[in-house]
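# Fold the following, please.
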Amino acid sequence: MSIKVLHKFLLFGFCLLFSTLVFSQNNKQKELETRRQELRREIQKINELRAENKSKEKSQLSLIEDFNYKISVLDNLIKVTNQQANLLTREINNNQKKITNLREELEQLKEAYAGMIVKSYKSKNQQSRIMFLLSSNDFKQAYKRLQYIKQYSDHQREQGETIKAKTQELQQINTDLLKQKGAKKQLIAENKVVQKSLEGERKQHRTLMASIRSNLSRYTAQIKKKQREARKIDAEIDRIIKAAIAKSNKKAGRAASSSSFALTAEEKVLASNFLSNKGKLPWPVEKGYVKVGYGTQPSPIDKSLTIRSNGVRIATEKAAKVRAVFNGEVIGVVVMKNINPFVIVKHGNYITYYKNLSKVYVKTGDKVKTKQDIGEVFTNPSSGEAILSFSISKESNTQNPASWIYKM
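This next block holds a predicted model:
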């Protein structure tokens, strides 16, 4: 392999690597911007619901949950914005390096082109092209000289086009660089505003926590009471699911002690469709945000207490309509003493739960469609809060709703 060919090969490899890097960075920047906008919308939803209930007296526990959630969202927004700014810094540095390299390359091209023009001019002065051809010893030599003149002329034109293209590329990179610097400046300015908001939220959080610590035992008792209520609901749900499983197995002629549903052909298709929509299911309310997530987590007030959440708690609008997240059959409308009603919907061997309702629009045995209204969320008259507790399970095994619901 000649040095010239090797040089071209290495140059091509470098360009390919650089293009791949730029494409990867652009994709990452788009992902970060999408995430940043999602977080901004989340903060907007929190602020709107806060403003709606501003005149109401919320419980200290509820306020702490609000502060904790907003602080976590603001923290994430700052992190994502910083990542964007850092990525832009790398892009700006890469572009500055490319501008430097292009300028050097352009200078070399211009020098080479100027040399060619001078050589061509001298050549024309020394002897005309016609004389250059007529002085050939034979036709073959004349033909070769003609080809040389043509190639030299083509090379001049190519060099001119290359210089023009490189100049345009340099101008475009400079334009992009100015845009990137502007975008970075805007991100930094926005981040300062978010950081100021975060400091305000943390200050209020600290003040509230200081008030709570002075009477911690009372709030701990409230948390324990809520956990007992949650366990009572979970026990009732478990009883209903086991009864539904036993019923399906009895109908199919299988052992009633089986821990899984005996599905009909139609139910198998429904379960398969439910699974294929994982991550794409609609929210059970039209507007809202997740106030408490899924899983075992420390209490926001007393870190020595562990809270077990089999689903998510969604803060939504007053009297918000509650929707089925997928086609299915209502297998339970539960009303318990001192606990607001809840609805259980079966989707093959998957089940969704809609708790803390004030009104129920369906009854056991009803077939429901995706996004069909099945009830209305309970709105606390004293605090103005409307919180939907939503869960998903496969048979009796709970699932994280955030893995199933679109952008939860």
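# Please go through this structure and pick out the longest helix.
Ranked by residue count and defined by DSSP state H, the top helix of the chain is helix 139-213.
# What mean pLDDT does that helix get?
The average pLDDT for helix 139-213 rounds to 78.
# what about the helix or strand harbouring residue 329, distance to the chain center?
Using DSSP states H and E, residue 329 maps to strand 328-336. Offset of strand 328-336 from its chain centre (Cα atoms, centre = their mean, to the nearest Å): 33 Å.
# for the record, mean pLDDT for the very next helix or strand once past it?
Using DSSP H and E, the next helix or strand after strand 328-336 towards the C-terminus is strand 339-347. Averaging pLDDT along strand 339-347 yields 96.
# can you check stretch 38-56 too?
According to the model, stretch 38-56 has a mean pLDDT of 78.
# mind listing the strands for the stretch 301-408 of the chain?
306-309, 312-316, 321-323, 328-336, 339-347, 350-355, 357-360, 367-368, 373-377, 386-394, 397-399 (DSSP state E, counting those that start in this stretch).
# Redo those as TSV? Include distance to residue 69.
The C-beta positions use only the backbone N, C-alpha and C, and glycine is treated the same way. Output for those, formatted as TSV (distance: least, Cβ to Cβ, whole Å):
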stretch	distance to residue 69
strand 306-309	13
strand 312-316	8
strand 321-323	21
strand 328-336	28
strand 339-347	22
strand 350-355	19
strand 357-360	22
strand 367-368	30
strand 373-377	18
strand 386-394	12
strand 397-399	21
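# related to what we said a few turns ago, partner strands of the strand holding residue 329, parallel or antiparallel?
strand 339-347 (antiparallel), strand 367-368 (antiparallel) (DSSP bridges).
# Check the average confidence over it, would you?
95.
# Counting neighbours, which bits of it end up buried?
Across strand 328-336, burial judged by 16 or more other Cβ atoms under 10 Å covers 328-334.
# Report the contact partners of the closest residue in space to residue 289 that isn't next to it in sequence.
Closest residue to residue 289 apart from its sequence neighbours, by Cβ to Cβ, 6 or more residues apart in numbering: residue 45 at 4.9 Å. Shown in contact with residue 45 (Cβ atoms under 8 Å, 6 or more residues apart in numbering): 287-289.
# how near is the closest residue to residue 338 other than its chain neighbours to residue 223?
Using Cβ to Cβ, 6+ apart and skipping residues adjacent in sequence, the residue nearest residue 338 is residue 229, 7.8 Å away. From residue 229 over to residue 223 the distance is 11 Å, taken as Cβ to Cβ, to the nearest Å.
# Looking at the two, which one has more neighbours?
Using other Cβ atoms under 10 Å, the more surrounded residue of residue 229 and residue 223 is residue 223, with 16 against 13.
# Would you confirm that that one belongs to a helix?
Yes - checked against DSSP: H, G, I helix; E, B strand; the rest coil, residue 223 lies within a helix.
# So it sits against residue 304, correct?
No - Residue 223 lies out of contact with residue 304 (Cβ atoms under 8 Å); the separation is 10.7 Å.
# Burial check on residue 361, number of neighbours?
16.
# so what's it scoring on pLDDT?
Predicted confidence (pLDDT) for residue 361: 98.
# Could you verify my assumption that it touches residue 354?
No - between residue 361 and residue 354 there is no contact under Cβ under 8 Å: 10.9 Å.
# what is in contact with those two at once?
374-375.
# Give me the neighbour count for residue 33.
So residue 33, with other Cβ under 10 Å, has 15 neighbours.
# Please identify the helix or strand for it.
Applying DSSP H and E, one finds residue 33 within helix 3-52.
# circling back: which one of the strands paired with strand 328-336 is the most hemmed in?
strand 339-347 (a mean of 21; mean count of other Cβ atoms under 10 Å).
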